[in-house]
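# Compute the structure for the input listed below.
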Amino acid sequence: MVDFVMKGLVDMSFFRNQFANVVEWEEFRDDMIFWKWKNKEIKKGSRLIIRPGQDAIFLYNGKIEGIFRDEGNYHIESEIIPFLSTLKGFKFGFNSGLRCEVLFVNTKEFVVKWGTKNAILIPAEGLPGGLPIRANGTFSFKVHDYVTLIDKIAGVRDKYFVEDVKIRITSELDQLLMKWIPLKGKNMFNLQANASEIARGIQEDLDMEILDIGLTITDFNIRSFNYPKEVQKMINKTASHSMVGDLGRFQQISLTEGMASGKMQGGGAASDMAGMMMGMKIAKEMFKTMEESEKEEVITVPGTGTTGEKKQGPNFCPDCGHKNEGTNFCPNCGYKLV
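This is a model prediction of the structure:
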């Protein structure tokens, strides 16, 4: 009786091994770029299911046998095998199946957010240590070349995620920002005006990087550049005084803010160093300007060789309303009075 039961179990196991497979993407996730079906073999009567946004690639000994792009439910023996490359004449036996792998690829375009983890130091005139800047935005990519993808990634990985690509991209971004901001950023204190040109250069470089693994960058954009807190305050004040592009006026305001706060904030040690260097440069130029403004300004009357009286400024600053005591610049906001 025991022998009969054991024989029955063996027979059931034998026939179970002959059951057809359903070949489909079993572990689908939106952030998964590809997934490999790698059961031992495809049985006679098996079916292939391709869902929208998926391609199915049959692999034999690591080589592509066929790529199937149309969604649907296919009978492998009659609708797939005839279209394979070296396996198109394969015949199923009673106890033998098709030994191959099926790689399912997500064909959609992936959109990924990025941001610099730490402030990067951008070369800036007068700031030997550079100007600390952070940036953020998005980039998009998709699978471009199946042969390269399989050769470089899918040959050794059973699945591949968006996070894997993001890690690879962000590891390159700091250097690319340091390269393209000085090349395309015409105004270091208004980089957003040239964000498209900077982003275009970065996209070209990144695309060359990931084409090597069968992917392509379809879009790259920079949403914002972020300066240290004190620098941003100075930029805002400069804009409010309609002095954008006038570095001399910007420097005077910078010194006033720096002297009031006693330090630069918002960027750690790099920001403090940049603030100190900026303050030294600004202070030198502002004190020079103040020294010259306090000298008597003598006016020569054309054709007479005689001199007139010193030009007098208004009694009150027209910009901030502070009382003026005979200087050419407002002692409160630095506005030029004469």
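# From here on, just use CA atoms for contacts and neighbour counts.
Will do.
# who touches Leu177 in this structure?
Leu177 is in contact with 198, 202, counting by Cα atoms under 8 Å, 6 or more residues apart in numbering.
# That one - that's part of a strand, no?
No. Looking at Leu177 with DSSP: H, G, I helix; E, B strand; the rest coil, it is helix, so not inside a strand.
# per-domain residue ranges of the protein.
Domains of the chain are assigned by automatic domain parsing as 18-106, 110-226, 230-293, 295-338.
# Give me the mean pLDDT for the third one.
Looking at domain 230-293 alone, the average pLDDT works out to 56.
# Return the member of the domains of the chain having the minimum mean pLDDT.
domain 230-293 (a mean of 56).
# Distance of Glu230 relative to Asn236?
Glu230 sits 10 Å away from Asn236, going by Cα to Cα, to the nearest Å.
# I meant Ile217, not that one.
As for Ile217, its distance to Asn236 is 34 Å (criterion: Cα to Cα).
# now do Pro132
From Pro132 to Asn236 the distance is 17 Å (Cα to Cα).
# More neighbours: which of these two?
In this view Pro132 and Asn236 are compared by other Cα atoms under 10 Å, and Pro132 has more residues nearby, 26 against 13.
# give me the beta-bridge partners of the more buried one?
Listed by DSSP bridges, the beta-bridge partners for Pro132 are Leu121.
# Use 6 as the first number from now on
Fine by me, first position is 6 from now on; the one you just mentioned is Pro137.
# That one and Pro233 touch, don't they?
Yes. Between Pro137 and Pro233 a contact is recorded at 6.9 Å, counting by Cα atoms under 8 Å.
# Neighbours of Phe225, how many?
Quick note: Phe225 (other Cα under 10 Å) scores 25 neighbours.
# can you tell me the helix or strand for it?
strand 220-231 (DSSP states H and E).
# That strand pairs with which strands?
strand 132-148 (antiparallel).
# quick one: buried residues of the helix or strand following the partner strand?
Counting by DSSP H and E, the next helix or strand C-terminal to strand 132-148 is helix 151-154. Using 16 or more other Cα atoms under 10 Å as the burial criterion, the residues of helix 151-154 that qualify are 151, 153-154.
# Mind listing residues that contact helix 151-154?
By Cα under 8 Å, 6+ apart, helix 151-154 touches 69, 148, 217-220.
# Farthest pair within the residues you listed?
Ile69 and Asp217 (18.4 Å; Cα to Cα).
# Compare those two (neighbour count), which wins?
Neighbour comparison, Ile69 and Asp217: the larger count goes to Ile69, with 19 against 13 (by other Cα under 10 Å).
# coming back round to it: and the contacts of helix 151-154 as TSV, adding distance to Gly102?
Converted to TSV, the contacts of helix 151-154 look like this (distance: Cα to Cα, whole Å):
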residue	distance to Gly102
Ile69	18
Val148	31
Asp217	35
Ile218	32
Gly219	31
Leu220	33
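# pretty sure Asn231 contacts Ala140?
Yes. Using Cα under 8 Å, Asn231 is in contact with Ala140, at 5.9 Å.
# who has more neighbours, these two?
Ala140 (20 against 15).
# okay but the more buried one is in contact with Ile227, surely?
Yes. Between Ala140 and Ile227 there is a contact under Cα under 8 Å: 7.1 Å.
# Leu53: neighbour count?
Leu53: 22 surrounding residues under other Cα under 10 Å.
# That one falls within a strand, correct?
Yes. Counting by three-state DSSP, Leu53 is found in a strand.
# Contact partners for it?
27-29, 78-81.
# and of those residues, the nearest to Gly131?
Set against Gly131, the nearest of the contacts of Leu53 by Cα to Cα is Glu29 (61.3 Å).
# could you pull out the strands for the stretch 156-305 of the chain?
Counting by DSSP state E, counting those that start in this stretch, the stretch 156-305 of the chain has strands at residues 164-166, 220-231.
# And the shortest one, what does it pack against?
Think strand 164-166. strand 37-42 (3 or more Cα pairs under 8 Å, 6 or more residues apart in numbering; DSSP states H and E).
# Partner strands of the strand it packs on and their direction?
Partners of strand 37-42 in its sheet, by DSSP bridges: strand 106-111 (antiparallel), strand 164-166 (antiparallel).
# Tell me which of the ones you listed is the most buried.
Mean neighbours per residue, mean count of other Cα atoms under 10 Å, is largest over the strands paired with strand 37-42 for strand 106-111, with a mean of 24.
# what does that strand contact?
Taking Cα under 8 Å, 6+ apart as the rule, strand 106-111 contacts 28, 30, 37-44, 58-65, 148.
# Now a PyMOL select for only the buried ones of those residues.
This is the PyMOL syntax for the buried subset of the contacts of strand 106-111, where burial follows 16+ other Cα under 10 Å:
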select buried, resi 28+30+37+38+39+40+41+42+59+60+61+62+63+64+65+148
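# ok, the residue lying closest to Ile85 once chain neighbours are set aside to Trp40 distance?
Setting aside the residues directly before and after it, Ile85 is nearest to Tyr79 in space (Cα to Cα, 6 or more residues apart in numbering), at 7.2 Å. Separation of Tyr79 from Trp40 (Cα to Cα): 19 Å.
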